[in-house]
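1. Build me a structure from this.
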Amino acid sequence: MKTIKVLGTGCATCKQLESLVRQVVEETGIEASIEKVEDIQEIISWKVLSTPGLVVDNEVKCSGRIPSRDEIEEMLA
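-> Got it, this is the predicted structure:
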């Protein structure tokens, strides 16, 4: 099972990334737990300076932008 964290303080782009990740997981049937992290100290602990951030299996895959659906699928593969 994949562990996914969407890092962001609750802005529109952070919510958009969370929604897109949930859609990709549902559509591809990937088994995953998805957590939305809004605590700024935890976000900083991931060394993400620009949100939104996407962490998959304890590795930062993307920050500061919303990746495309295809990119998200690759990151979760």
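2. Need the contact partners of the one helix or strand Ile43 maps to.
-> Using DSSP states H and E, Ile43 sits in helix 40-45. Outside helix 40-45, the residues that touch it by CB atoms under 8 Å, 6 or more residues apart in numbering are Leu7, Gly8, Thr9, Val37, Thr51, Gly53. To be clear about C-beta, it is placed using only N, CA and C from the backbone, and glycine gets the same treatment.
3. if we go to 6 Å?
-> With contacts defined as CB atoms under 6 Å, 6 or more residues apart in numbering, helix 40-45 is touched by Leu7.
4. Quick check: buried residues in it?
-> Ile43 (16 or more other CB atoms under 10 Å).
5. likewise stretch 27-38?
-> Buried residues in stretch 27-38 (16+ other CB under 10 Å): Ala32, Lys36, Val37.
6. Neighbours of the closest residue to Asp57 other than its chain neighbours, how many?
-> Spatial nearest neighbour of Asp57, chain neighbours left out: Thr3 (5.6 Å); criterion: CB to CB, 6 or more residues apart in numbering. Using other CB atoms under 10 Å, Thr3 has 13 neighbouring residues.
7. List the beta-bridge partners for Thr3.
-> The partner list for Thr3 in beta bridges (DSSP bridges) reads Ser33.
8. so what pLDDT did it get?
-> Looking at Thr3, its pLDDT is 98.
9. Model confidence score at the closest residue to Lys15 other than its chain neighbours, please.
-> In space, and not counting its chain neighbours, Lys15 is closest to Gly8: 7.6 Å by CB to CB, 6+ apart. If you check Gly8, the pLDDT there is 96.
10. still on that earlier bit, out of the buried residues of stretch 27-38, which one sits closest to Glu74?
-> Nearest to Glu74 among the buried residues of stretch 27-38 is Ala32, at 14.5 Å by CB to CB.
11. wait, that closest one sits on Ile4?
-> Yes. Ala32 sits in contact with Ile4 when judged by CB atoms under 6 Å, with a separation of 5.2 Å.
12. list the contacts for Val48?
-> Residues in contact with Val48, defined by CB under 6 Å, 6+ apart, are Leu7, Ser63.
13. how near is it to Glu59?
-> Note on Val48: its distance to Glu59, by CB to CB, to the nearest Å, is 12 Å.
14. Thank you, goodbye.
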